[in-house]
Each structure stands twice: as structure tokens, then as C-alpha cells.
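Visitor: Need the 3D shape of this:
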Amino acid sequence: MAMNVGSPGGNGSEPDVMMDINTTPLIDVMLVLLVMLIITIPIQLHSVTLEMPVGAPPANQIKPEKIQIDIDDKGTVYWQGLPVTAAELEEKMRATAQMNPQPEVHVRPNKDARYAVFANVLASTRRIGLNKIAVIGAEQFVQ
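Guide: Modelled structure (predicted):
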């Protein structure tokens with residue numbers, strides 16, 4: 001039984017140098033980074049810290065008054081069911097704006113009312129300082 005221990009040439013020269021890069025460590029590092037990315041993304045997206053109040057919210061003892069402003073199809077403006085002129089409407093709005101707590105103003109335009117009248121009422125409420133405004137009756141505009 002014979003065993004060849006030397007180089008293939010038999011002259012004792014060094015083996016040829018391998019010129020290819022060893023990609024195994026690079027692939028290992030890339031896989032580790034990919035696993036870390038996959039693990040950390042769901043934590044970042046689903047973790048939302050909120051400090052919610054504990055217990056029941058305090059009850060509002062004072063219910064705000066509700067002021068109803070209606071606009072009919074002819075452009076007549078009604079304050080709590082009574083027709084008013086533009087000057088009377090602004091006077092009543094100024095008195096309402098001074099109340100504490102400020103009442104809720106519900107504006108209900110008719111489907112056939114002119115937009116200019118409705119826009120004038122809304123602009124007057126904002127200019128005078130009424131902050132609690134709601135446009136109600138929108139279901140009539142749905143076709």
C-alpha cells in the first residue's frame with residue numbers, strides 16, 4: 001500500500017492559489033440581516049402605545065341649547081320656526097354668540113333653496129363667532 005503525500009508535480013512546489021472569493025460568510029451575514037429585518041418589522045408596525053383614560057368620562061351636566069335655522073325653497077330664513085330678515089338674523093346670532101355655553105346651531109336648508117342664501121347664513125355664523133354649527137337634513141340630497 002502506497003500513499004502519495006506530496007504535490008502532484010512531485011517537485012515540492014506550492015499548490016495553485018484559488019482566485020475565487022469565499023461567498024459563504026457573505027451569505028451568512030446577509031441571511032442574519034434578513035432574519036433581523038423580518039423579526040423587527042412587525043414589532044414596529046403593530047406596536048402603538050396609547051395612554052387611555054381610566055374610568056368613565058365625566059358626565060356633561062349642562063346640555064347646550066339647540067337653535068334651529070331653516071331655509072325654505074323661496075330663500076326665506078326661519079329662526080326657531082319664525083321668519084326673520086337678514087338684519088334680525090345677524091342680531092339674533094350676535095346675542096347667541098355671547099351666551100355661555102354657546103348653543104348648537106342647526107342649519108337645515110331645503111333641497112330647492114338657493115345656495116347663495118345657505119352660504120350667506122354659514123358665512124354669517126362664522127363671522128359672528130358661532131363655533132358649534134351643524135348642517136342637518138342631508139339625507140334629502142341623496143339620490
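
Visitor: Can you give me the buried ones in stretch 53-61?
Guide: By neighbour count on 16 or more other CB atoms under 10 Å, the buried set for stretch 53-61 is empty. (Glycine included, C-beta is placed from N, CA and C.)

Visitor: Looking at the protein, which helix is longest?
Guide: In the chain, taking DSSP state H as the definition, the longest helix is helix 24-46.

Visitor: any idea which helix or strand comes after that one?
Guide: Moving toward the C-terminus from helix 24-46, the next helix or strand (DSSP states H and E) is strand 66-71.

Visitor: which helices and strands does that following strand pack with?
Guide: Contact partners of strand 66-71 among helices and strands, from 3 or more CB pairs under 8 Å, 6 or more residues apart in numbering; DSSP states H and E: strand 77-79, strand 104-109, helix 115-128.

Visitor: quick one: low-confidence parts of this protein?
Guide: 1-12, 42-48, 141-143 (pLDDT under 70).

Visitor: on that earlier part again, got the CA coordinates for the longest helix of the chain in CSV?
Guide: What follows is helix 24-46, C-alpha atoms only, in CSV (Å, rounded to 0.1, in the frame of the first residue of the first chain):
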residue,chain,number,x,y,z
THR,A,24,-20.3,31.7,2.3
PRO,A,25,-19.6,34.3,5.1
LEU,A,26,-21.3,37.0,3.0
ILE,A,27,-24.4,34.9,2.5
ASP,A,28,-24.5,34.1,6.2
VAL,A,29,-24.3,37.8,7.2
MET,A,30,-27.0,38.6,4.6
LEU,A,31,-29.3,35.9,6.0
VAL,A,32,-28.8,37.1,9.5
LEU,A,33,-29.7,40.7,8.5
LEU,A,34,-32.8,39.4,6.6
VAL,A,35,-34.0,37.5,9.6
MET,A,36,-33.5,40.5,11.9
LEU,A,37,-35.4,42.7,9.4
ILE,A,38,-38.3,40.2,9.2
ILE,A,39,-38.5,40.0,13.0
THR,A,40,-38.3,43.7,13.7
ILE,A,41,-40.8,45.0,11.1
PRO,A,42,-44.0,43.5,12.6
ILE,A,43,-43.0,44.9,16.0
GLN,A,44,-42.6,48.4,14.6
LEU,A,45,-45.8,48.3,12.6
HIS,A,46,-48.1,46.8,15.2
